[in-house]
Structures are given as C-alpha cells and as structure tokens.
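**Student:** Just the structure for this:
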Amino acid sequence: MIPKALLVRATSTALNAAAHVAPGPTGRAVFHLFVRPLGRARVKPAEERLMAAARVDRMRVAGKEVVTYAWGDGERPVLLVHGWSSRGSRLAAFAEALLARGYSPVAFDAPGNGDASGRASNIIEYREIIRRLHARHGDFDAVVAHSFGVVAALFALRDGVRTGRFVGIAGVGSFGLLTAAFQGMTGFGDRALGAMRRHVERKLAPEEPGVWGHFDASWRPEDLGAPVLLIHDESDGLVPLAHAHAIRKAHGERARLVVTRGLGHRRILTDPQVVAEAMEFISAPASASASAPVAVPAPTEAAVGSR
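**Tutor:** You can find the predicted model right below:
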C-alpha cells in the first residue's frame, strides 16, 4: 500500500505541472482536495447525553444531507457553529450552559463532518446552512462559533443573518491561514493555488465578484453591528493568537478579547471558565453589551489563568 503522504505529494507534483498548461482543471482539482475535512469526528462520551436529547432534523445543501440539532422550547435561539473536521456536538458544553439559562441552542453537522453526508464542505455551504437555520428559527440571540466556524459564521452574518451577540472561540481570521497550511501540507505551488482561487471566484460564487476577499473575518465588520467576544489561547498550535487580535481590531470598540493559557485549540471548548465567560457575555443586559461600547483590555488583563 502506498503511504498517503506519498500519494499527496505525487498528486501535488502532477497538478503543479498541469497548472502551467491547464489552469482551469487544475484549479478545480486542487479545490476538491482543499475542501475535504481531514477526518470524520465521532460523538465523545461526554457529549452523548446532550445529543440524545436533541431534536434531529435534516436539510439538503448542494445535494448533500446536513444534520441539524435543536434543544429547548425554541425561544431565544442561539446558533452553535463547529469548525473544520469537527461536528456540532463539540460545542456541547455551551449548549448545556445555554439550556440551563433558558436559551434554545441550535447546531448542525456540515457536509463531510459528523453525521452529515458527503466528503467535503466549504464556506459557501456553511453560509447556506446558517441562512436556512436563521429562516427556520428567527433572529439569533447569539452565535457561538469555533475555529473555521468563526470566519464562516461572520461571512453569513454579513449577508442577512442577524444576531444580538457574537462569540468567536479560537477563530480563523484570515483565509490566508487555511491556504498557507494547505500549501505547506501538500506542496502545491503558487500557480496551482492561484488556479484554485480563480476557480472559487468563477465557479463557486460567480454572482459575487471578488468573493475570495470577502471570506476574511475582517471584511466589512460594520455589517455585523453586534457586540463581539473573542476567546483565544496564547498557545493555540493551529490558529495563532494574531488572528484574534486582527478580528478584534477590525471590530473596534464593540469587541473584547479574552486570552487563555494552556488550553490550546480544542480543550478551550470544554473549559468551565471559558464557557462561563461566554454565558456572562451572552446573558448580560442589553445596556451592558449591546448599546454601549465594549472595552478592550490588554491581553494580560483579559487573560484567563492557566489550568
């Protein structure tokens, strides 16, 4: 059996060469590799009780079946958006805390993730899922997103989806991070990556000229119009802390950044103090977080101590 790493390198070598003579097909092929999650996450034991209590539904997006989850009585809906190679259940700690406070959490498994069908997904599909959940549940009291889910949720929130507050955890702020990591892992050259970008702009969203530049979390921040809480670990090995600082800067006085220590990229989702910080922000009176500017303390002042 040929090792997977060798297959990836052989594929990148072939496509790097093809990019010089057939950029269109090359861009399509590179894109199909780019949008495939690295694995299909399973429900963890700590998440099973919550997921068993969910109202499960399905919707079709781009010919693929998306699985959706809802809890509570439907009042005060809060959307939970998972990251890449993940699933809705990974935000179970937030769903449980929200339920305890009378909110109605809503989550989903995007294509290629969790129990959804398909082998791939992309930010355009995330946006469509979020749009439909918004149409189904109404304006969200809050949106809580993790990792890739942050940039995907902000993309949707700048395009008609409404929320009272936004919580971004270990969030990707620039799509450049994703393409750079993909390029480093696969060995694709700049020409092949450029062909992929043009494929996205021409084929994935032809009605939105220059859409690739719209993916970054800092694009048109004024369209969000809601207070923002960002929580990011200083030792996040997947998404550098600089991304959180960039998102905070883009959203100005209505954004606040909390920096944690020792939680990394994934454990941050189950840390009790992180969950409590998010709940305090979401449930704060409107006068405290929605109408008044949100102060941005220095990282040392905003830091959650190591555990």
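**Student:** Please count neighbours and contacts with C-alpha atoms only from this point.
**Tutor:** Noted.
**Student:** Excluding covalently adjacent residues, which one is nearest to residue 105?
**Tutor:** residue 78 (4.8 Å; CA to CA, 6 or more residues apart in numbering).
**Student:** Can you give the distance from the host helix or strand of the one you found to the centre of its chain?
**Tutor:** According to DSSP states H and E, residue 78 maps onto strand 77-81. Its chain's average C-alpha position is 12 Å from that of strand 77-81, according to CA atoms, centre = their mean, to the nearest Å.
**Student:** quick revisit: hang on, the residue nearest to residue 105 packs against residue 140?
**Tutor:** Yes - in this structure, residue 78 is within contact of residue 140 by CA atoms under 8 Å, at 5.3 Å.
**Student:** quick one, which of the two is more surrounded?
**Tutor:** Legend: neighbour count by other CA atoms under 10 Å for residue 78 and residue 140, higher for residue 78 (31 against 22).
**Student:** so the more buried one bridges to which residues?
**Tutor:** Under DSSP bridges, the beta-bridge partners of residue 78 are residue 105, residue 142.
**Student:** so who does it touch?
**Tutor:** By CA atoms under 8 Å, 6 or more residues apart in numbering, the contact list for residue 78 reads 103, 104, 105, 106, 140, 141, 142, 143, 144.
**Student:** Go again with 10 Å.
**Tutor:** With contact set as CA atoms under 10 Å, 6 or more residues apart in numbering, residue 78 has these partners: 70-71, 94-95, 98-99, 103-107, 137-144, 163-166, 282.
**Student:** Report the secondary structure state of residue 167.
**Tutor:** Per DSSP: H, G, I helix; E, B strand; the rest coil, the local secondary structure of residue 167 is strand.
**Student:** What ranges does the stretch 101-250 of the chain have for its helices?
**Tutor:** 123-137, 148-157, 175-186, 190-199, 241-251 (DSSP state H, counting those that start in this stretch).
**Student:** Out of these, which is closest to residue 54?
**Tutor:** Each of the helices of the stretch 101-250 of the chain has some distance to residue 54 by CA to CA; the shortest is helix 123-137, at 15.1 Å.
**Student:** My guess is residue 176 contacts residue 214. True?
**Tutor:** No - Residue 176 is not in contact with residue 214 according to CA atoms under 10 Å; the separation is 11.8 Å.
**Student:** Looking at these two, which is more packed in?
**Tutor:** Neighbour count, other CA under 10 Å: between residue 176 and residue 214, residue 214 has more, with 16 against 13.
**Student:** Would you mind measuring from the more buried one to residue 110?
**Tutor:** For residue 214, the distance to residue 110 equals 20 Å [CA to CA, to the nearest Å].
**Student:** And for residue 247?
**Tutor:** 24 Å.
**Student:** Comparing these two, which residue is more hemmed in?
**Tutor:** The neighbour comparison of residue 247 against residue 110 (other CA under 10 Å) goes to residue 110, with 32 against 26.
**Student:** Read off the pLDDT value for the more buried one.
**Tutor:** Residue 110 is assigned 96 on the pLDDT scale.
**Student:** With adjacent residues omitted, what lies nearest to it?
**Tutor:** Spatially, and ignoring its direct neighbours in sequence, residue 110 is nearest to residue 66 (5.7 Å; CA to CA, 6+ apart).
**Student:** Doesn't that neighbour belong to a strand?
**Tutor:** Yes - residue state for residue 66 (three-state DSSP) corresponds to a strand.
**Student:** So what's the residue count around it?
**Tutor:** 24.
**Student:** returning to what we had before: what about burial for the contacts of residue 78, which qualify?
**Tutor:** By neighbour count, with 16 or more other CA atoms under 10 Å, the contacts of residue 78 hold 70-71, 94-95, 98, 103-107, 137-144, 163-166, 282 as buried.
**Student:** Output the helices of the stretch 101-250 of the chain as CSV; include the columns distance to residue 218.
**Tutor:** As requested, these are arranged in CSV below (distance: least, CA to CA, whole Å):
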stretch, distance to residue 218
helix 123-137, 15
helix 148-157, 9
helix 175-186, 10
helix 190-199, 19
helix 241-251, 5
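**Student:** in the stretch 51-200 of the chain, what spans have low per-residue confidence?
**Tutor:** Scanning the stretch 51-200 of the chain for pLDDT under 70 picks out no residues.
**Student:** all strands for this structure, in order.
**Tutor:** All strands of the chain, identified by DSSP state E, fall at 55-61, 64-70, 77-81, 104-109, 142-146, 166-169, 228-233, 255-260.
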